[in-house]
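Visitor: Next input, structure requested:
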Amino acid sequence: MHLGHIDYLEKSRNLGDKLIVGVNSDKSVRKIKGSGRPINDENARLRTVAALGFVDAVIKFEEETPQNLIEFLLPDILVKGKDYKKSNIVGADAVLQNGGQLETIDLVEGYSTSGIINKLKNLTV
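Guide: Alright, predicted model coming up:
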């Protein structure tokens, strides 16, 4: 969890009445990001997100995408970072067809998990 995550989640919460966050399982992250990820295990990630005062609920999903979770919850607002094109956001069709809306949020420049990992790899002791 880094500043970019905190900022993104807080801005997401400000768009609606409740914030429900879907978090990938460890297995899901490894499928997407490779064997070196996640850095923190799913229990640590779930607890960290749940500890944020503006988060109302956290739900782990096992699949590579949150499609099934989104279709089950059918949120009024689906939020992703502006690094995603609206046409490529998983679950957008279901939310829009249900009368919901899709929002994208600016990311904090210079903060990414991959960037942090690369900085750590380049440290010399």
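Visitor: packing partners for the top helix by length along the chain?
Guide: The longest helix of the chain (DSSP state H) is helix 3-13. On a contact count with 3 or more Cβ pairs under 8 Å, 6 or more residues apart in numbering; DSSP states H and E, helix 3-13 meets strand 77-81, strand 101-105. (Glycine included, C-beta is placed from N, CA and C.)
Visitor: Parallel or antiparallel, list what pairs with the first one.
Guide: The sheet places strand 77-81 alongside strand 101-105 (parallel), with pairing taken from DSSP bridges.
Visitor: Only the C-alpha atoms, please, for the strand it pairs with, written as CSV.
Guide: Output of strand 101-105 as CSV, limited to C-alpha atoms (Å, rounded to 0.1, in the frame of the first residue of the first chain):
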residue,chain,number,x,y,z
GLN,A,101,-21.9,5.1,-13.8
LEU,A,102,-18.3,4.7,-14.6
GLU,A,103,-15.6,7.1,-13.2
THR,A,104,-11.9,7.3,-13.7
ILE,A,105,-9.5,9.0,-11.2
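Visitor: give me the low-pLDDT residue ranges for this structure?
Guide: Residues of the chain meeting the criterion pLDDT under 70: 124-125.
Visitor: all helices of it, in order?
Guide: 3-13, 26-33, 42-50, 67-73, 92-97, 113-121.
Visitor: Now render those as CSV, adding distance to Ile105 and mean neighbour count.
Guide: Listed next are the helices of the chain as CSV, based on distance: least, Cβ to Cβ, whole Å; neighbours: other Cβ atoms under 10 Å:
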stretch, distance to Ile105, mean neighbour count
helix 3-13, 5, 17
helix 26-33, 20, 15
helix 42-50, 16, 15
helix 67-73, 17, 16
helix 92-97, 14, 16
helix 113-121, 17, 11
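Visitor: of the ones you listed, which approaches Ala57 most closely?
Guide: helix 42-50 (7.9 Å; Cβ to Cβ).
Visitor: For that closest one, output the C-alpha coordinates as CSV.
Guide: Presented in CSV, the C-alpha positions along helix 42-50 are these (Å, rounded to 0.1, in the frame of the first residue of the first chain):
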residue,chain,number,x,y,z
GLU,A,42,-3.7,-11.3,0.8
ASN,A,43,-4.4,-11.2,4.6
ALA,A,44,-2.1,-8.3,5.1
ARG,A,45,-3.5,-6.4,2.1
LEU,A,46,-7.1,-7.1,3.1
ARG,A,47,-6.5,-5.9,6.6
THR,A,48,-4.6,-2.8,5.5
VAL,A,49,-7.4,-1.7,3.2
ALA,A,50,-10.1,-2.5,5.8
